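Colleague: need a structure here:
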Amino acid sequence: VANEGGKHWTVNEVRALICVWSDKNIQQQLEGTVRNKRIFEQVAARLQKFGIDRDWKQCRTKYKNLKHEYKSVKSAQDSGSTIKSMKFFNELDAILGHCSMEQASKSDNDESERPPEWTEGKSEKDSIG
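Modeller: You can find the predicted model right below:
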């Protein structure tokens, strides 16, 4: 059923998704939850700001696929194989690489590594109070 997944994601759409996903706030929300429809609705809303029209289901599916592909490439690399690779591995490694190893020791000081346009998505709630 070709319609179920919708049209293929372009490189720019995937980059934008990864950009939104790299937001610490989004990552923390995704970490502890299985029922994540509302989080992916936020992700889809942010993608709209980039002019990308994807619904929350498409975002969640792409997120799951990228995460799965990343994990399989990562485990292949860990076992010494360099045959497996993927397009956005480095970007995903920056997000997921630390999660698996250092989940206990979260550091908030890596904000500076992110280009400034990635942090634009702060909501009003963050600044009040």
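
Colleague: So for stretch 21-38, what gets flagged as buried?
Modeller: By 16 or more other Cβ atoms under 10 Å, the buried positions in stretch 21-38 come out as Trp21, Ser22, Asp23, Ile26, Gln29, Leu30, Asn36. Backbone N, C-alpha and C define where each C-beta goes, glycine included.

Colleague: hmm, which two among those are most spread apart?
Modeller: Farthest pair in the buried residues of stretch 21-38 (Cβ to Cβ) is Ser22 and Asn36. Separation: 16.4 Å.

Colleague: Spit out the contact partners of the residue nearest to Leu17 when sequence neighbours are not counted.
Modeller: Closest residue to Leu17 apart from its sequence neighbours, by Cβ to Cβ, 6 or more residues apart in numbering: Lys62 at 6.0 Å. For Lys62, the contacting residues are Trp9, Val14, Leu17, Arg54, by Cβ atoms under 8 Å, 6 or more residues apart in numbering.

Colleague: Of those - the most surrounded one?
Modeller: Of all the contacts of Lys62, Leu17 has the most neighbours under the rule other Cβ atoms under 10 Å, reaching 24 neighbours.
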